[in-house]
Structure formats: structure tokens, C-alpha cells
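Peer 1: Any chance you could fold what I've pasted below:
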Amino acid sequence: MSPEPWDPGLQSERTRLAWVRTATALAAGGLGAAGLGVRSGASPPAVAAFVVAALCGGVLLARTHARFLKVQRALHEGRPLDDRADALVAWLGTLAVVAGAAVVVLTA
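Peer 2: Residues are numbered from 1 along each chain as shown. Below you'll find the model as predicted:
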């Protein structure tokens, strides 16, 4: 008898909370940095990069429930997980924060 591919513990819930923390950090950090950039006269590319980060965080946050259900179904059915789209959005948001910070530092 082969073991189930998933553990009935709370791994999926912890992963969901990690995605929520990541999305919230991108959204709130991006909005805060963009607002601070506008008030302090930062260059438009820097502000735009922070806005992109905030949008990526918002998209990830909006997709949290759908992603959780998709992961649960895949685990229960023994299918491989495909979260490349969400990982790409998270990567793009993180890259936008780095780009915005680099522009701020280089133009200061």
C-alpha cells in the first residue's frame, strides 16, 4: 500500500499564509515606497517600479484563495503542482522593488 502524496497536517495552510505575507509585503511596501517617492520628488521610473511591485502584491493577494484550492486539489489527486504563474508574479514584484530602490540610490 503506497502512502498518500500529502500529509493531512497544516502544510498547505502554512504555505498559504506565506504567500499572503509575501503578497502583503509587496503591496504595502510598494504603495508606501511609491507614496514616499512621490512626496520626496523621486524620479518617475522609481515610483513606477514601486507601483508595479504594489500591483504584483495585489494580484498575488487576490489569487490566494484560488491558488490554495488548486494546490489542495492537486495534492489530493496526486497531480504535480504548477504554480509558475504565481512565482513569476512574485519574482516580478521583487525585481520591481530592487529596480526602484536602485534608481532611487543612483539618482540621489
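Peer 1: What are the boundaries of the helices in the protein?
Peer 2: Ranges of helices within the chain are 11-40, 44-62, 64-77, 84-107, based on DSSP state H.
Peer 1: Deepest-packed of those helices, please.
Peer 2: helix 44-62 (a mean of 20; mean count of other C-beta atoms under 10 Å). (Glycine included, C-beta is placed from N, CA and C.)
Peer 1: other SSEs contacting it?
Peer 2: If contacts are counted by 3 or more C-beta pairs under 8 Å, 6 or more residues apart in numbering; DSSP states H and E, helix 44-62 sits against helix 11-40, helix 84-107.
Peer 1: how far off helix 84-107 does the first one point, in degrees?
Peer 2: Right, the one you point to is helix 11-40. Angle, helix 11-40 to helix 84-107, by axes from the mean of the first three to the mean of the last three C-alpha atoms, to 10 degrees: 30 degrees.
Peer 1: other SSEs contacting helix 11-40?
Peer 2: helix 44-62, helix 64-77, helix 84-107.
Peer 1: list the contacts for the residue lying closest to A42 once chain neighbours are set aside?
Peer 2: The shortest distance from A42 to any residue that is not its chain neighbour, by C-beta to C-beta, 6 or more residues apart in numbering, is 5.6 Å, and that residue is V104. With contacts defined as C-beta atoms under 8 Å, 6 or more residues apart in numbering, the neighbours of V104 are 37, 42-43, 46.
Peer 1: Next: L61.
Peer 2: Applying C-beta under 8 Å, 6+ apart, we find L61 in contact with 20, 23-24, 27.
Peer 1: how near is it to A23?
Peer 2: Distance of L61 to A23, computed by C-beta to C-beta, to the nearest Å: 4 Å.
Peer 1: a markdown table for the helices and strands packed on helix 11-40, including distance to A33 and mean pLDDT?
Peer 2: Listed next are the helices and strands packed on helix 11-40 as a markdown table, based on distance: least, C-beta to C-beta, whole Å; pLDDT from 0 to 100:
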| stretch | distance to A33 | mean pLDDT |
| --- | --- | --- |
| helix 44-62 | 4 | 95 |
| helix 64-77 | 22 | 83 |
| helix 84-107 | 6 | 92 |
